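In: Sequence and computational prediction follow.
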Amino acid sequence: MAAAAKLQLLVRQPDTASILAGIPDLKESGLSRVPAKAAACSPDGTKLAAVTDASVDVYDLVGGKKVQVLQVNGTVLVDWSKTGAYITTAQRPSKGEDGQPAKNIKVWDVASGSLVLAVSVKSVNKESWPILQWGHGDEAVYHGVTNTVHHYKRAEGFKHPKKVPIKAVASFQPCPAAGKQLLAAFIPESKGQPAVATVMDCSGAAEPVTISRKSFYRATGASIMWNASSTACLFMVTCETDATNQSYYGESRLHYLPADPARADSACAVAMPKDGPVHDVQWSPAGDYFVVVAGFMPAKVILHDDKCKAVYDLGSGPYNTARWNPFGRFLAIAGFGNLPGDVVFYNKLNKGVCKQMGATRSGSAVTASWSPDGRHLLTATTAPRLRVDNNVRIFTYYGDKVCEQPFDILLEASWVQPPPGTSYEDRPPSPECISKATGSPSGAINGAAAAAGGSTAPAKATYRPPAMRSLQQHLQAGAAAINNGPTFSLAYDNSSKPGRITQTGKQLPPGADFVSKAAAKNAKKRANKKAKPGGEGCVDGQEDDEAQGGPSTSGSVGIDAAVAGLNQQMSSVDLGDADASDAAQKRIRALQKKLRQIQQLKDKRDKEGSAIVDNAS
C-alpha cells in the first residue's frame, strides 16, 4: 500500500476545486477549495488549471501556489496539451468590434502566459470538446474548418498552417504514435451519398495519401479511436434514426480500418455478437486488443485483437461501460446510469484469455476510472446526472471497497497523474487476494446446496435408448417451461457462456460472420455432390439429420430401420401428462412428417430403383 498513499484525486464542487489524498481516509492535501468553475490537471500531474470569471489560474500541485494567470474572461472549457506545455481555452461564440466572429478558441503557452494561436468556432459544447487535436509530443495541432483540416506545426510557431483538403469532413483524429503523421477522418452521409471513414498519410508535401477507406450508409456522426501504436483505428458511427425501429435512440455500429497499406483490404464492419447498440468500445493501452460492449440488454462483451479478430467472449450482463487499467492487464466491465452498477474485474492473460478476479456493485455510479498504479478503480456519483447521494468510491482490482466519501454536491472526480519521477510497476494479481475474493461466493453456493440437502456426488442418470433421448429432452423442456415460468431476464442470459472464440477451417476475413462447424460440414458435402458427374445433390434436411445423429435413409435396410425407430418413438409418447402434452403433440407431428418423407423415398425407390436413393444419401 506504499504506492497507494501517493494517489491523489481532483474533486470539483460548485465554484471550488480540491485535491484529496490518502487511501482509505481521503483528506484535502495541497490545494484546498480554490475558486474554479471548471478545472483540469495537466497530463504530467504537476499543474492544475482553474477557470474563474476573469481568468484561468494555473497552480503548482507540488507547492500549492499559483504560478500563472491567463487573462481570458468568460472561459467555459479548458484542456491541456499532451505534454502539459499548452492550455486550450474556449469562450462562447460572439462578434468582435468589426462585426466578424471573434476568435473564441485560444492556445496559451503555460510557461510564458502568451497567446500562440487563436481561431473562431461557431459552436462550443462538451460533446465536441476538445475542438483542437494535438499530435504526439505537441509537435502539431489540428483544426477542422469547412472542407479542410488545418495543420499547425510547433516548429513554425503555430503559424502558416498546412491545409489538408477533405471535402465535408465532420470529425478527425491524428494518430498518437511518434514519427507518424496519420489522420483519421469521418465524412457523414449527405444527399444520398454514403458516409466515408478514411485513414490518410499527411507526411508528404503534396496532398494526403489514402491508406484505407470504407463507405457505408446510415451514419451521421462518429467517434474515432486509435490504438497506441497507430496501426489500426476504430470508428463508432451513429445515426439519429433506427431503420429497424428497434430503438428510440437511433443506431450505432463499429468499423475497423487498418493504418497499413498492405492491409487496406482488411477494413470492415466489426461483427456484433447480437442486435442492438454499441454501448462502449475501448482500446487497451498496449494497443493489442480492444473490447466491445454491444447489444440489447443483457449486453454482450467481446474481446478482439488488433487485427479485428474476436478472441474471447466475456459473457453477457447489465453492462454498458468498459475500462482498462493503465497497463492493459486488468479490465473492468460495468453497468452505470440506469443500470444497477455491477462491476466485474478481469485479468487478461496470454492470447486474450480473460480470467475473472472479482465483482462488486457501485450503485448509482456515473463514471469510472483506474488509478495510475493500475490497482484501484474509482467510481463517482456526480451532479447533474444525480443530485442526491453524491460520493466517490474506491475499489481494489478484485472488488473490495477500500474507501467511500460522500459530498453534498459533486460535479467531477478524477485521478491526478503521478508527477515526473514517480513510476508504477505492472504487477500481476496477488493469488491470496484473488482466492479470498473468489472463495466467498463459491463457499456461499456450496453452503446453500448443502443446506438444501444436496449431495456433492451427481445422481446416476437413468439409461435411455438413443432413439428416446431427443424426445425426453423435448418433454423435459416443455414441463420446465410450464412449471418454472419464464426464464427471460434483462440482466443475465444463462445461455451465454464466456470462453475463447475459436474458428475451425479456413481463416475468415475480419468482420465476417461466424459459421458453425456443422453448417460448414454440410456446405462442403453439398459442394462435393454437385461437383460429382451426374450428381443430383441431397435431399433437403438429410445432412442435418445425419450431423445430429438422426436416422439414415440410405438403402432398403436403412429405411426399414428408420421407420421402425420412428414408430417406436411415437408409441412411447405419453399424452397423459397435461403439462407436457403440447410438447408431445409437436414431437408427434415432427415424427409424422419424417414418416411421410420416408414414404416418398420408398415410392421413388420402387419406381426408379434403389440406386437413386443411394445417390441421394
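Out: Sure, I can see it.
In: where does the chain dip in pLDDT?
Out: The chain contains residues with pLDDT under 70 at 1-5, 438-496, 503-519, 532-563, 565-566, 569-582, 609-617.
In: mind listing the helices for it?
Out: Applying DSSP state H to the chain gives helices spanning 431-451, 466-484, 517-531, 542-547, 555-571, 581-608, 610-616.
In: For the third one, buried residues please.
Out: Neighbour-count burial for helix 517-531, with 16 or more other C-beta atoms under 10 Å as criterion, is recorded at Asn522, Lys525. C-beta here means a position set from N, CA and C on the backbone, and glycine is covered the same way.
In: other SSEs contacting that helix?
Out: If contacts are counted by 3 or more C-beta pairs under 8 Å, 6 or more residues apart in numbering; DSSP states H and E, helix 517-531 sits against helix 542-547.
In: Name the residues that touch stretch 399-410?
Out: The contact list for stretch 399-410 (C-beta atoms under 8 Å, 6 or more residues apart in numbering) reads 11-14, 20, 23-26, 343, 345, 357-360, 376, 380-383, 387, 389-396, 433, 437.
In: hmm, try it at 6 Å
Out: Residues from elsewhere that reach stretch 399-410 (C-beta atoms under 6 Å, 6 or more residues apart in numbering): 13-14, 23-24, 26, 345, 358-360, 382-383, 390-395, 437.
In: Pull up the distance across that stretch, start to finish.
Out: Using C-alpha to C-alpha, to the nearest Å, one end of stretch 399-410 lies 23 Å from the other.
In: gap between that stretch and the chain center?
Out: 26 Å (C-alpha atoms, centre = their mean, to the nearest Å).
In: buried ones in it?
Out: Gly399, Cys403, Gln405, Phe407, Leu410.
In: correct me, but Arg154 touches Gly137?
Out: No - taking contacts as C-beta atoms under 6 Å, Arg154 lies outside contact range of Gly137: 8.6 Å.
In: List the contacts of Gln417.
Out: Pro43, Gly45, Pro372.
In: For it, which non-adjacent residue is spatially closest?
Out: With sequence-adjacent residues excluded and distances taken as C-beta to C-beta, 6 or more residues apart in numbering, Gln417 is closest to Gly45, at 3.7 Å.
In: Please apply the same query to Val343.
Out: Nearest residue to Val343 in three dimensions, chain neighbours excluded: Ala334, at 4.3 Å (C-beta to C-beta, 6+ apart).
In: What's the separation between the residue most central in space within the chain and Ala334?
Out: Centroid-nearest residue in the chain, with C-alpha atoms, centre = their mean: Val292, separated by 2.1 Å. Using C-beta to C-beta, to the nearest Å, we find Val292 at a distance of 15 Å from Ala334.
In: and if you look at Ala590?
Out: Look at Ala590 and Ala334: by C-beta to C-beta, they are 44 Å apart.
In: Equivalent analysis for Lys602, please.
Out: Counting by C-beta to C-beta, the separation of Lys602 from Ala334 is 61 Å.
In: Tell me which of the two has more neighbours.
Out: Taking other C-beta atoms under 10 Å, Lys602 and Ala334 do not tie; Ala334 has more neighbours (27 against 16).
In: In contact with Met225, which residues?
Out: Contacts here follow C-beta under 6 Å, 6+ apart; on that basis Met225 touches Leu234, Trp283.
In: still on that earlier bit, now list the buried members of the contacts of Gln417.
Out: Taking 16+ other C-beta under 10 Å as the criterion, what is buried in those is Gly45, Pro372.
In: wait, which of the contacts of Gln417 is closest to Leu77?
Out: Pro43 (16.8 Å; C-beta to C-beta).
In: Return the residues in contact with the closest residue to the closest one other than its chain neighbours.
Out: Spatial nearest neighbour of Pro43, excluding adjacent residues (C-beta to C-beta, 6+ apart): Gly84 at 5.2 Å. For Gly84, the contact set (C-beta under 6 Å, 6+ apart) comprises Ser42, Pro43, Asp44.
In: In JSON lines: those, plus distance to Asp306.
Out: Converted to JSON lines, the contacts of Gly84 look like this (distance: C-beta to C-beta, whole Å):
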{"residue": "Ser42", "distance to Asp306": "30"}
{"residue": "Pro43", "distance to Asp306": "24"}
{"residue": "Asp44", "distance to Asp306": "28"}
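In: Can you list which of those are found in strands?
Out: In strands, judged by DSSP state E, none of those are found.
In: I'd like to know the phi and psi angles of the residue nearest to His136 when sequence neighbours are not counted, please.
Out: Distances taken as C-beta to C-beta, 6+ apart put Ala178 closest to His136, at 4.7 Å, once the chain neighbours are dropped. In terms of degrees, to the nearest 10, the main-chain angles of Ala178 are phi -80, psi 150.
In: what does stretch 380-388 rub up against?
Out: Identification of contacts with stretch 380-388 by C-beta under 6 Å, 6+ apart yields Ser364, Ala365, Val366, Thr367, Asp389, Asn390, Asn391, Val392, Ile409, Leu410, Leu411, Ala413.
In: what about that stretch, how long is it end to end?
Out: This stretch, stretch 380-388, spans 12 Å end to end (C-alpha to C-alpha).
In: buried ones in that stretch?
Out: In stretch 380-388, counting by 16+ other C-beta under 10 Å, buried: Ala380, Thr381, Thr382, Ala383.
In: any idea how far the third one lies from Ile409?
Out: Read it as Thr382. Between Thr382 and Ile409 the distance is 9 Å, computed by C-beta to C-beta.
In: Next, count neighbours for Gly328.
Out: Gly328, neighbours per other C-beta under 10 Å, totals 18.
In: Renumber starting at 21 from here on
Out: Understood, numbering begins at 21; the last thing we discussed is Gly348.
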